[in-house]
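1. got a predicted structure plus its sequence, pasted below:
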Amino acid sequence: MPTLNKIRTALTLNRAHTPTDLSKTSISPHSGTETTAPGPVGPRLTRLRVALTAFFAVDGFLFAGWVVRIPAIKAQTGAGAGALGLALLGVSAGAVAFMMLTGRLCRRFGSHAVTIASGAALALSILLPPLARSATALGLVLLVFGAAYGSLNVAMNSAAVELIATLRRPVMSGFHAAFSLGGMIGAGLGGLVAGHLSPAAHLSALAGCGLVVTAIAGTVLLRERARAGAAVPTEERGTAAPDRPRRPGTPGPTRRLVLVFGVIALCTAYGEGALADWGALHLSQDLAATPGLAAAGYAVFALAMTIGRLSGTAIVERFGPARALVTGGATATAGMLLGALAPTAWGAYVGFAVAGLGLANIFPIAIARAGAAGGPDGVAVASTIGYGGMLLGPPAIGFLAEAWGLPVALTTVALLASVAALIAYLTRGAHRNGVDRSATGSGTPGR
């Protein structure tokens, strides 16, 4: 019996110190790196994923609801193209100002708690734009709206990166697909009610919806976060270790990679922001579309992004992040040239759809990889740089539109999409290192 006990003890220790089950290990044909198969997913992780998905969806829903009412609020304030561009700068300025602060708040209070607080703030802040009666007032209230929007984006992306490390699958595109689906629904409903409801009534209804979703999903998020972090069995969590965020200001290659991811995100956020802020105006002002059809332009773009992001996990797993980024940038370039320069609204719709497919997975890949490299700080840094594209976009396009017209101004979206593709191609070697393995879910972010 003592001998039998010794044998059992030896077998137990051998299993405990085996780093990886060889049956779950493979070599990626595209990156040349060893990857780990996805771990088992239990009901608690599923509930966490669903709750996070709800926050991404409501974020897109609320933002799209505001976007489709921009023409009406422009008329309400009497602002010209340049003044409107400066007012819209408030969204991006508020977002960028709060993103780095949100990274610190996530480290202090946890990304889930900050996600819930930011979701409630976003729902309440959407009530403010209809109250503005001048471009200056509109810019000030959009600072508040932008702060809540930016805070929610950093917090929920940080929470998603933590969950991705546990799932060990590159599912970030799925979360962003929920954002796009929410945007599509919000834009579609906005187009239907644009001619029947005032901006105040419309956005008040959206605020109520946002608060309800935040309350329901937030309760699940807090409860399941506590269970998943403290009581979920090892076999349900997989083998990933708890996230330990990288310290701010970490030097070396990792920080440089985070900055590169941020620049790629910037180039594509510029395009998303441009279509959100100026797409409906381009259709109505330059192509004589009705208010409903003009609002549908953003819905077409959001639908295309949703379709692209729903297939994003399979694309990254099959072709690797480098090819996905380069191909996406090239596709967005071609689509946006068509969308900006097409002589008819239908041609612009086709261009918006192609641009949406191209842009779909670039931002999620960049943010996921930045989070894998630096934890919440990586997400905050890359998001701050990325949403700088939204900071530059509204005023740049507004001033260019006054000088050369809105169609020409929108071609800058194609220009920056091509820059993103070029950067991704030139830095494709970074996709083969250990940071990339974490970004695809086979490692632990921030380690």
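-> All right, it came through fine. Numbering: from 1, shown residues only.

2. what about stretch 314-323, how long is it end to end?
-> Using C-alpha to C-alpha, to the nearest Å, the end-to-end distance of stretch 314-323 comes out at 13 Å.

3. for residue 136, give its distance to residue 87.
-> 8 Å (C-beta to C-beta, to the nearest Å). C-betas here are computed from N, CA, C, even on glycine.

4. then residue 206?
-> Counting by C-beta to C-beta, the gap from residue 206 to residue 87 is 20 Å.

5. more crowded one of residue 136 and residue 87?
-> Between residue 136 and residue 87, counting by other C-beta atoms under 10 Å, residue 87 is the more crowded of the two (28 against 14).

6. ok, then the element right after the helix or strand containing that one?
-> Element membership of residue 87, judged by DSSP states H and E, is helix 81-109. Using DSSP H and E, the next helix or strand after helix 81-109 towards the C-terminus is helix 111-125.

7. next, the angle helix 81-109 makes with the next helix or strand after that next one.
-> Later in the chain than helix 111-125, the nearest helix or strand by DSSP H and E is helix 135-167. Going by axes from the mean of the first three to the mean of the last three C-alpha atoms, to 10 degrees, helix 135-167 is angled at 40 degrees with respect to helix 81-109.

8. just for the stretch 301-447 of the chain, where's the confidence low?
-> Scanning the stretch 301-447 of the chain with the threshold set as pLDDT under 70 gives 390-391, 394, 429-447.

9. 50 - rerun?
-> Scanning the stretch 301-447 of the chain for pLDDT under 50 picks out the ranges 433-447.

10. repeat for the stretch 1-150 of the chain
-> For the stretch 1-150 of the chain, the ranges with pLDDT under 50 are 1-4, 6-36, 39.

11. the same query, at a cut-off of 70, please.
-> For the stretch 1-150 of the chain, residues meeting the criterion pLDDT under 70 lie at 1-41.

12. and the strand or helix carrying residue 331, what's buried?
-> Per DSSP H and E: residue 331 is located in helix 321-341. Buried residues in helix 321-341, counted by 16 or more other C-beta atoms under 10 Å: 321-340.

13. which helices and strands does it pack with?
-> Applying 3 or more C-beta pairs under 8 Å, 6 or more residues apart in numbering; DSSP states H and E, we find helix 321-341 packed against helix 253-286, helix 312-319, helix 345-359, helix 362-404, helix 406-426.

14. so residue 402 makes contact with residue 83?
-> No. If you go by C-beta atoms under 8 Å, residue 402 and residue 83 don't touch, sitting 10.2 Å apart.

15. which of these two has more neighbours?
-> residue 83 (18 against 14).

16. please name the residues that touch the residue lying closest to the more buried one once chain neighbours are set aside.
-> Spatial nearest neighbour of residue 83, chain neighbours left out: residue 135 (4.1 Å); criterion: C-beta to C-beta, 6 or more residues apart in numbering. For residue 135, the contact set (C-beta atoms under 8 Å, 6 or more residues apart in numbering) comprises 77-79, 83-84, 86-87.

17. what's the ChimeraX syntax to select whichever of the residues you listed are buried?
-> For the buried members of these, the matching ChimeraX selection, counting by 16+ other C-beta under 10 Å, is:
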select :77,79,83,84,86,87
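
18. from the contacts of residue 135, which is closest to residue 264?
-> Of all these, residue 264 sits closest to residue 86, with 26.9 Å by C-beta to C-beta.

19. so who does the closest residue to the closest one other than its chain neighbours touch?
-> Of all residues not flanking residue 86 in the chain, residue 395 sits nearest, at 5.8 Å (C-beta to C-beta, 6+ apart). Applying C-beta under 8 Å, 6+ apart to residue 395 gives the contacts 85-86, 88-89.

20. cool, residue 99 as well?
-> Taking C-beta under 8 Å, 6+ apart as the test, what residue 99 contacts is 150-151, 153-154, 380, 383-384, 387.

21. of those, closest to residue 193?
-> Closest approach to residue 193 among these (C-beta to C-beta): residue 153, at 26.0 Å.

22. burial count for the closest one?
-> Counted with other C-beta under 10 Å, residue 153 comes out at 28.

23. with residue 279 instead?
-> Around residue 279 sit 29 other residues, with neighbours defined as other C-beta under 10 Å.

24. what about the residue lying closest to residue 95 once chain neighbours are set aside, neighbour count?
-> Nearest residue to residue 95, sequence neighbours excluded (C-beta to C-beta, 6+ apart): residue 150, at 2.8 Å. By other C-beta under 10 Å, the residues close to residue 150 number 29.

25. residue 150 and residue 213, how far apart?
-> 19 Å.

26. list the buried residues in the helix or strand that contains residue 219.
-> Here residue 219, judged by DSSP H and E, is contained in helix 199-230. The neighbour-count check on helix 199-230 (16+ other C-beta under 10 Å) flags 199, 202-203, 206-207, 209-211, 213-214, 217-218, 220-222, 224-225, 228 as buried.

27. ok, stretch 258-271 next?
-> Applying a neighbour-count criterion of 16+ other C-beta under 10 Å, the buried positions in stretch 258-271 are 258, 260-271.

28. quick one: contacts of that stretch?
-> Contacts of stretch 258-271 (C-beta under 8 Å, 6+ apart): 325, 329, 332, 336, 355, 359, 362-363, 366-367, 369-370, 373-374, 378, 381-390, 392-393, 412-413, 416-417, 419-420, 423-424, 427, 430.

29. repeat the analysis, applying 6 Å as the threshold.
-> Residues from elsewhere that reach stretch 258-271 (C-beta atoms under 6 Å, 6 or more residues apart in numbering): 359, 362-363, 366, 369-370, 373-374, 378, 381-382, 385-390, 393, 413, 416-417, 419-420, 423, 427.
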